[in-house]
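Student: when you get a sec, could you give me coordinates for this:
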Amino acid sequence: MTVPSRANPQAGPPTNWAGNISFSPARYQRPTSVDELAALVAAAPEVRVLGTGHSFNEIADTNGLQLSVAGLPETIDLDEEARTVSVSAGTTYGRLGAVLQTRGFALANTGSLPHISVAGACSTGTHGSGDTLQNLSSMASAVELVTADGSLRTFRRSDGDQFNGTVLALGALGVITRLDLDVVPTFDVRQDVYDGLPAQALRRELDGVMSAGYSVSVFTSWRRGAPVQVWRKRRVDRVGVQPADSDWLGARLADGPRHPVPGMATENATAQLGVGGPWNERLPHFRLDFTPSAGDELQSEYLVPRTLGADAWAALEPLGDRIAEVLLIGEIRSVAADPLWISPSHQRDSIAWHFTWRPDLPAVLPVLAEIEAALTPMDARPHWGKVFTTPPAELGRLYPRLDDFRALLARLDPGRKFANEFLATNVLGPAQ
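Tutor: You can find the predicted model right below:
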């Protein structure tokens, strides 16, 4: 839930944001042009791309060449008539949002952190929360890639179903250099926080709670029976600016600003108390100018079908005290179904169960095993960029288009230049 910045962008980051993964590339390069990037890719036997490092496993690691696209020239080209924006891969959502807002446009959705890069978020399935809001990669209508031989190729939504394998691709198909994203007219959002929602009320009304705004997040300590906190983000053009109800489902309207993690400074969080403001300053949980030095945490997340959300809560609730022992905070979000082949919300509306852990992997792993066992009957899909132990064979069952993705990779990268141990184990299977 924080925004670490351990990396020296010139020398190459020694670790991910959380510091639990130490990268081990033979070389690190930060090219300043697409031509330079293409030449580096063509010459290297192994390549992985590192975005802002906001992953908590080895997905970005490599023994070969590790590349950053943060040095490529910034591009933010808005096509007002087509309602798309063409954006360079290393651009952050915070920067993109600020530019769009000045032009009277918006993204329909954004994540809780504005500091992450567009390409990195799209590649791993980053999402916000909302009944009608798909993950961030679903807004892409075109993606430009440097493929294994250094060629520059563009794939478009209009090309057909194959496009659904190319955006959220975990960096396995090539290096994203640019994306075209759908935009909408700008809108204002108000954010109201409710304290003390009874746990039994959440279990009974989970679907209604998650539908109570344009974007809704529920925060919980997971202590058994402990009340929860709800962050309710609503569009001002739909609900107005009148004061919110002081009581809601047994919860109380917060009397001051809140931070998702108890005890953290509230000035780091985006404005609350029902004060309307631009979408890019309310949909994220955290302010763009909030950049702490490190993220001493681990993260895991599992997406289950929305229809089974109450069942998932009932399965996890008995583990609450075990979870709480190693937890900083839990968050519950909703994600709309999308067509992307290896998206955790592929073809099903989902409830996402997010865990921000204390930075103690040996203590977290046994609790994680219990969570995964409890959610197995609900076909829980883990977030690709976070800590999980779901067996590879189970992942193959959970993703019905995984074989199609592997076939696409075999065509675009037959030598598996962009693979690493994480991808070979969890996604790609044995080389043919």
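Student: contacts and neighbour counts: CA atoms only from here.
Tutor: Noted.
Student: mind checking the SS state of the residue nearest the centre of the chain?
Tutor: Centroid-nearest residue in the chain: Thr126, 1.9 Å away (criterion: C-alpha atoms, centre = their mean). Three-state call for Thr126 (DSSP: H, G, I helix; E, B strand; the rest coil): coil.
Student: so what's it up against?
Tutor: By C-alpha atoms under 8 Å, 6 or more residues apart in numbering, the contact set of Thr126 is Gly111, Asn135, Leu136, Ser137.
Student: for Asp255, same thing?
Tutor: Taking C-alpha under 8 Å, 6+ apart, we find Asp255 in contact with Leu273.
Student: kindly report the same for Pro227.
Tutor: So Pro227 contacts Asp195, Gly196, Leu197, Pro198, Ala199, Thr220 (C-alpha under 8 Å, 6+ apart).
Student: any idea how far it lies from Pro260?
Tutor: Distance, Pro227 to Pro260, using C-alpha to C-alpha, to the nearest Å: 14 Å.
Student: before we move on, the earlier item: would you mind putting the contacts of Pro227 into TSV with secondary structure alongside?
Tutor: Shown next, in TSV, are the contacts of Pro227 (three-state DSSP):
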residue	secondary structure
Asp195	strand
Gly196	strand
Leu197	strand
Pro198	coil
Ala199	helix
Thr220	strand
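Student: pick the one among those closest to Arg348.
Tutor: Using C-alpha to C-alpha, Thr220 is the member of the contacts of Pro227 that lies nearest Arg348, at 24.3 Å.
Student: low-confidence ranges, the stretch 151-300 of the chain, go.
Tutor: When residues are selected by pLDDT under 70, those of the stretch 151-300 of the chain lie in 291-295.
Student: can you give me the strands for it?
Tutor: Assigned by DSSP state E, counting those that start in this stretch, the stretch 151-300 of the chain shows strands spanning 152-156, 175-182, 184-185, 188-197, 215-220, 228-235, 247-248, 251-253, 277-278, 298-305.
Student: those: which one's closest to Gly415?
Tutor: Of all the strands of the stretch 151-300 of the chain, it is strand 175-182 that lies closest to Gly415, at 15.1 Å by C-alpha to C-alpha.
Student: please parse this protein into its domains.
Tutor: 76-185, 188-281+292-391 (automatic domain parsing).
Student: I'd say Asp79 and Val85 touch.
Tutor: Yes. Assessed by C-alpha atoms under 8 Å, Asp79 is found in contact with Val85 at 5.9 Å.
Student: mind checking which of those two has more residues around it?
Tutor: Val85 (24 against 13; other C-alpha atoms under 10 Å).
Student: mind listing the strands the helix or strand hosting the more buried one pairs with, and their directions?
Tutor: Val85 belongs to strand 84-88 when assigned by DSSP states H and E. Partners of strand 84-88 in the sheet, by DSSP bridges, are strand 76-79 (antiparallel), strand 175-182 (antiparallel).
Student: most tightly packed of those strands?
Tutor: Of the strands paired with strand 84-88, the one with the most neighbours on average (mean count of other C-alpha atoms under 10 Å) is strand 175-182, at a mean of 25.
Student: could you export that strand as PDB, CA atoms only?
Tutor: Provided in PDB are the C-alpha atoms of strand 175-182 (Å, rounded to 0.1, in the frame of the first residue of the first chain):
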ATOM      1  CA  VAL A 175       8.800  -5.100 -24.800                       C
ATOM      2  CA  ILE A 176       5.900  -2.700 -24.800                       C
ATOM      3  CA  THR A 177       6.900   0.700 -26.100                       C
ATOM      4  CA  ARG A 178       3.500   2.400 -26.500                       C
ATOM      5  CA  LEU A 179      -0.200   1.800 -25.800                       C
ATOM      6  CA  ASP A 180      -3.400   3.400 -27.100                       C
ATOM      7  CA  LEU A 181      -5.900   3.700 -24.300                       C
ATOM      8  CA  ASP A 182      -9.700   4.500 -24.300                       C
END
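Student: for Leu423, which non-adjacent residue is closest in space?
Tutor: Distance criterion C-alpha to C-alpha, 6 or more residues apart in numbering; nearest residue to Leu423, sequence neighbours excluded, is Ile59 at 6.9 Å.
Student: count of neighbours near that neighbour?
Tutor: Ile59 has 24 neighbours, counted by other C-alpha under 10 Å.
Student: which of the helices or strands spans the nearest residue to Arg322 once chain neighbours are set aside?
Tutor: Leaving aside its chain neighbours, Arg322 sits nearest to Val367 (6.8 Å; criterion: C-alpha to C-alpha, 6+ apart). For Val367, the element it lies in under DSSP H and E is helix 361-375.
Student: contacts only, for the closest residue to Glu144 other than its chain neighbours.
Tutor: The shortest distance from Glu144 to any non-neighbouring residue, by C-alpha to C-alpha, 6+ apart, is to Thr154 (4.3 Å). Shown in contact with Thr154 (C-alpha under 8 Å, 6+ apart): Ala142, Val143, Glu144, Leu145.
Student: same question for Val175.
Tutor: Counting by C-alpha under 8 Å, 6+ apart, Val175 touches Val49, Leu145, Val146, Thr147.
Student: mind checking pLDDT for the first one?
Tutor: Each residue has a pLDDT score; the one for Val49 is 95.
Student: of the contacts of Thr154, which is the most crowded?
Tutor: When neighbours are counted as other C-alpha under 10 Å, the busiest of the contacts of Thr154 turns out to be Leu145, with 25 neighbours.
Student: what ranges do the helices span in the stretch 1-150 of the chain?
Tutor: For the stretch 1-150 of the chain, the helices defined by DSSP state H, counting those that start in this stretch occupy 34-43, 93-102, 118-124.
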